[in-house]
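K.L.:
take this sequence and fold it.
(2 chains)
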Amino acid sequence: MFWNLPYISVVLLTLIGISIIILKKNLIKIFMGVNILTSAVNLFIIAVGYRDGGIAPIYTNAPSTNMVLPTPQALCLTSIVIGVATTALLLTFAMLLYRTYGTTDVDKIRELRE
Amino acid sequence: MITDFLLHHTPALLVAVPLLGAFLTPIIGRISPIVRKIWVMGTMTLTSAIAVLLVYLVYTRGTFVYVFGALTPGLAIPPDSGGIPIRIIFTVDPMGAFMDLIVAVVGFCVILYSLSGDEKRTGLHYFYTLFLLLITSVLGMVSTGDLFNFFVFIEISSLASAGLVAFSVEQGRAVEAGLKYFMISTMGGIFLLFAIGILYGQYNALNIAMIAERMQFTSLDKIALVLMVVALAMKCGAVPLHFWTPDAYSLAPSTITAMLVVVSQASLYGLFRFVFTLYNLTLNYVTIGWVIIILGVLSMVIGVTMAIPQKDVKRLMAYHAVSQTGYMLLGVGVGLAVLGNQAALDTYGFIAIEGGLFHIINHALYKGLLFLTAGAIIYRIGTRDLNKMGGLGHSMKYTMIFFMIGALAIAGIPPFNGFASKLLIYESVYLFNPLLAIIAMVVSILTLASFVKVFHSIFMGPTLPEYSKVREAPPAMLIGMGILAVLIIAFGFFPQLVVDSLVAPAAHALINQGSYISAILGGA
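P.N.:
Numbering: from 1, shown residues only, chains lettered A, B, ... in the order given. Predicted structure coming up:
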């Protein structure tokens, strides 16, 4: 049971993230939801790659135990970097919208819905 | 020496050249606007030339496998890796090459058009940086053979295209549209990454061929499939996830809209690639086929009915883009629904897939042309409202001709290219289920009706006093549109040639999972 904890957290974080995105009206809060969702995916990838008692895959004089494949960590790093770029662009949009409309409430920013 | 280098490293150069060009644009663009134009045009020409060379190589020699960082570019499986492809691999099979060709042709015409069409904007260095980045990402998406790499490219395309949609930041609405598009893309990206994580956890691989070979279709794989289909359907703008399309397409600069059409097609390619290559016969192809067919029919009908009452010319065209995406989904969906039934696949399934794929290239050409003509009109008269236009046929003759070509092609009137691909879809879908074919034909007629109305309100009638000084669009814009128009007519006159030489190999590559796997893993 205990070793399933990361996966349970992933499910919880996903649910929290999605519900924030759907329910909240403030743009900044919605972006926080996006970030929580991204963290859930990152945690998931890391949890998938975890091996109990595994060692770093350095082959020189390595003892014959499980080695951890470094790919998930690499994926997670890439995903974090992409997440930073995404957040930066999202916040830029929020700033520009605030300048035009004077609010970050999604219900008031709806010029497009004719 | 140099030709040898080119022939061995084509897929890498395909992505490296526009990427380098993109990030050097802000520096080189500082010298003068002329230098910037030459640089951007040169980069795009080189990229298109490389893409065409790659397409030629793939169609004559078969699937091109390029391994980044390997001893030799073709060495997919290092001898000491135990039979696992560990590096990032580009796998360009005829299907991918087909998409590369679309990006190369449309990208070239759009950039040429953009040199005059966008010159009034400010911040052009960054505009072209993002533009070339967008082209890089789309080329990468359709060439890569690695799931995570696909995710990275799709995220680059989201970032670049959201930035470009919102490029006119002084308009609040453009930013709103950009935000909407970006939220959808980001959510799609997160879903896709979840799916990739699930597949990686089960099969310890990211290479599409490797996963395809090990595919078990457990319940986790089903979840991954659903996540991927939802993510890519969002990105390609199929109903019911189409709500971002009209906003993003209508508020982006026209050149960007033409390119966004290609980005959507690349997402469509991703959808087809995952369904056909990653899962193929292991999935419940009848159910998934019908899901895609229903998505397609809904997109066709809802897209066209929403298009008819629109007042904004680009918004109207955007709804038609949704509707046309439906045809591609319908064609390929019918092919998927009969994938396991060899007799049905031979009689009509394969033709349906051919029709769907042929429609992808045709759509990219005529929709690109239509958005560019809309852009030329907006460039000259400064409004997008159809009710305020009129009588432009007197002053913008060439634009009118190009618009007519595009409109007749989208409505499926012979001898233009839309007719050729729609005929393939009608014929084959009729054998599968007559009702679907009838719906497709009715949608086509409604499309024609809608475009007749648009044509009438833009070009017909006496010259309006406020537009008496309107001149024809600048030459660069006309040449860009002209190339697309010539291709539309050429594809319409020689459809059989195009289908046999371009589309059929792509369709074969799409349904033949074994050849994709063996290109990487070797053996049978």
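K.L.:
so which bits of chain A are right by chain B?
P.N.:
A:21, A:27, A:30, A:34, A:37-38, A:41, A:44-45, A:48, A:69, A:71-72, A:75, A:78-79, A:82, A:85-86, A:89-90, A:93-94, A:96-97, A:100-101, A:109-112 (Cβ under 8 Å from any Cβ of the partner chain). For every residue, glycine as well, the C-beta is placed using N, CA and C.
K.L.:
averaged pLDDT, stretch A:54-72. What do you get?
P.N.:
Stretch A:54-72 carries an average pLDDT of 78.
K.L.:
over to stretch B:420-430?
P.N.:
Mean predicted confidence for stretch B:420-430 is 92.
K.L.:
circling back to that earlier point, narrow the residues of chain A next to chain B to those in helices?
P.N.:
A:21, A:27, A:30, A:34, A:37-38, A:41, A:44-45, A:48, A:71-72, A:75, A:78-79, A:82, A:85-86, A:89-90, A:93-94, A:96-97, A:100-101 (DSSP state H).
K.L.:
quick check on those: which are buried?
P.N.:
A:21, A:27, A:30, A:34, A:37-38, A:41, A:44-45, A:48, A:71-72, A:75, A:78-79, A:82, A:86, A:89-90, A:93-94, A:96-97, A:100-101 (16 or more other Cβ atoms under 10 Å in any protein chain shown).
K.L.:
just give the nearest non-adjacent residue to the residue in the stretch 201-350 of chain B that chain A sits nearest to, would you?
P.N.:
Across the stretch 201-350 of chain B, the shortest distance to chain A (Cβ to the nearest Cβ) belongs to B:Gly201, at 3.9 Å. Excluding its sequence neighbours, the residue lying closest to B:Gly201 (Cβ to Cβ, 6 or more residues apart in numbering or on different chains) is A:Val48, at 3.9 Å.
K.L.:
quick check: the one you found touching B:Leu199?
P.N.:
No. In this structure, A:Val48 is not within contact of B:Leu199 by Cβ atoms under 8 Å, at 10.0 Å.
K.L.:
tell me which residues of stretch B:339-359 are tucked away?
P.N.:
So, applying 16+ other Cβ under 10 Å, buried residues of stretch B:339-359: B:339, B:344-345, B:348-359.
K.L.:
residues from chain B in reach of chain A?
P.N.:
Residues of chain B lying close to chain A (Cβ under 8 Å from any Cβ) are B:148, B:152, B:155, B:158-159, B:162-163, B:166, B:169, B:172-173, B:175-180, B:182-183, B:186-187, B:189-190, B:193-194, B:196-197, B:200-201, B:204, B:206, B:247, B:251.
K.L.:
go again with 7 Å.
P.N.:
Taking Cβ under 7 Å from any Cβ of the partner chain as the contact definition, chain B meets chain A at B:148, B:152, B:155, B:159, B:162-163, B:166, B:169, B:172-173, B:175-179, B:182, B:186, B:190, B:193-194, B:197, B:200-201, B:247.
K.L.:
and B:Leu298, what does it touch?
P.N.:
The neighbours of B:Leu298, taking Cβ atoms under 7 Å, 6 or more residues apart in numbering or on different chains as the test, are B:239-240.
K.L.:
element containing it, please.
P.N.:
B:Leu298 belongs to helix B:285-307 when assigned by DSSP states H and E.
K.L.:
do B:Pro11 as well
P.N.:
In the assignment (DSSP H and E), B:Pro11 maps to helix B:2-28.
K.L.:
report the buried residues of that helix.
P.N.:
Neighbour-count burial for helix B:2-28, counted by 16+ other Cβ under 10 Å, picks out B:10-15, B:17-19, B:21-22, B:25, B:28.
K.L.:
tell me what the helix or strand following that helix is packed against?
P.N.:
Next helix or strand after helix B:2-28 toward the C-terminus (DSSP H and E): helix B:33-61. Packing contacts for helix B:33-61, counted by 3 or more Cβ pairs under 7 Å, 6 or more residues apart in numbering or on different chains; DSSP states H and E, involve helix B:2-28, strand B:64-67, helix B:94-117, helix B:124-143.
K.L.:
contacting residues around the closest residue to chain A within the stretch 101-250 of chain B?
P.N.:
Closest approach between the stretch 101-250 of chain B and chain A, counting by Cβ to the nearest Cβ: B:Gly172, at 3.3 Å. B:Gly172 is in contact with A:97, A:100-101, A:111, counting by Cβ under 7 Å, 6+ apart.
K.L.:
so where is the stretch 101-250 of chain B shaky, pLDDT-wise?
P.N.:
Counting by pLDDT under 70, the stretch 101-250 of chain B has no low-confidence residues at all.
K.L.:
ok, now which ones touch the spatially most central residue of chain A?
P.N.:
What sits nearest the mean C-alpha location of chain A, by Cα atoms, centre = their mean, is A:Thr38, with 1.3 Å. Taking Cβ under 7 Å, 6+ apart, we find A:Thr38 in contact with A:83, B:190.
K.L.:
switch to 6 Å and redo it
P.N.:
Contacts here follow Cβ atoms under 6 Å, 6 or more residues apart in numbering or on different chains; on that basis A:Thr38 touches A:Gly83.
K.L.:
what about chain A, any weak spots by pLDDT?
P.N.:
Across chain A, the ranges flagged by pLDDT under 70 are A:1-2, A:62, A:112-114.
K.L.:
pick out the residue of it closest to chain B.
P.N.:
Nearest residue of chain A to chain B, counting by Cβ to the nearest Cβ: A:Thr100, 3.3 Å away.
K.L.:
show me what counts as buried in the helix or strand that contains B:Phe451.
P.N.:
Assigned by DSSP H and E, B:Phe451 belongs to helix B:434-459. By 16+ other Cβ under 10 Å, the buried positions in helix B:434-459 come out as B:436-437, B:439-441, B:443-444, B:446-448, B:450-451, B:454-455, B:457-459.
K.L.:
so which elements touch that helix?
P.N.:
helix B:285-307, helix B:397-410, helix B:417-432 (3 or more Cβ pairs under 6 Å, 6 or more residues apart in numbering or on different chains; DSSP states H and E).
K.L.:
quick one: the second one to helix B:434-459, angle?
P.N.:
Relative orientation of helix B:397-410 with respect to helix B:434-459: 170 degrees, computed using axes from the mean of the first three to the mean of the last three Cα atoms, to 10 degrees.
K.L.:
can you give the contact residues for stretch B:234-242?
P.N.:
B:184, B:188, B:233, B:245, B:264, B:267-268, B:295, B:298-299, B:302, B:322, B:325.
K.L.:
which among the residues you listed end up buried?
P.N.:
Buried residues within the contacts of stretch B:234-242, defined by neighbour count using 16+ other Cβ under 10 Å: B:184, B:188, B:233, B:245, B:264, B:267-268, B:295, B:298-299, B:302, B:322, B:325.
K.L.:
reformat those as CSV; add distance to B:Leu227.
P.N.:
Output for those, formatted as CSV (distance: Cβ to Cβ, whole Å):
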residue, distance to B:Leu227
B:Ile184, 15
B:Gly188, 9
B:Ala233, 11
B:Thr245, 21
B:Ser264, 19
B:Ser267, 14
B:Leu268, 17
B:Leu295, 16
B:Leu298, 20
B:Ser299, 20
B:Ile302, 24
B:Val322, 22
B:Thr325, 20
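K.L.:
just flag the most distant two among these.
P.N.:
Greatest spatial distance in these: B:Gly188 and B:Ile302, 20.0 Å, computed using Cβ to Cβ.
K.L.:
report the secondary structure element holding B:Phe90.
P.N.:
Going by DSSP H and E, B:Phe90 is part of strand B:89-92.
K.L.:
please name every helix or strand in contact with that strand.
P.N.:
Checking 3+ Cβ pairs under 6 Å, 6+ apart, strand B:89-92 ends up next to strand B:64-67.
K.L.:
number of residues surrounding B:Glu213?
P.N.:
Neighbourhood size, B:Glu213 [other Cβ atoms under 10 Å in any protein chain shown]: 18.
K.L.:
need the contact list for it.
P.N.:
B:Glu213 makes contacts with B:Ile517, as judged by Cβ under 6 Å, 6+ apart.
K.L.:
rerun at 10 Å
P.N.:
Residues near B:Glu213 by Cβ atoms under 10 Å, 6 or more residues apart in numbering or on different chains: B:203, B:205, B:207, B:513-514, B:516-518, B:520-521, B:523.
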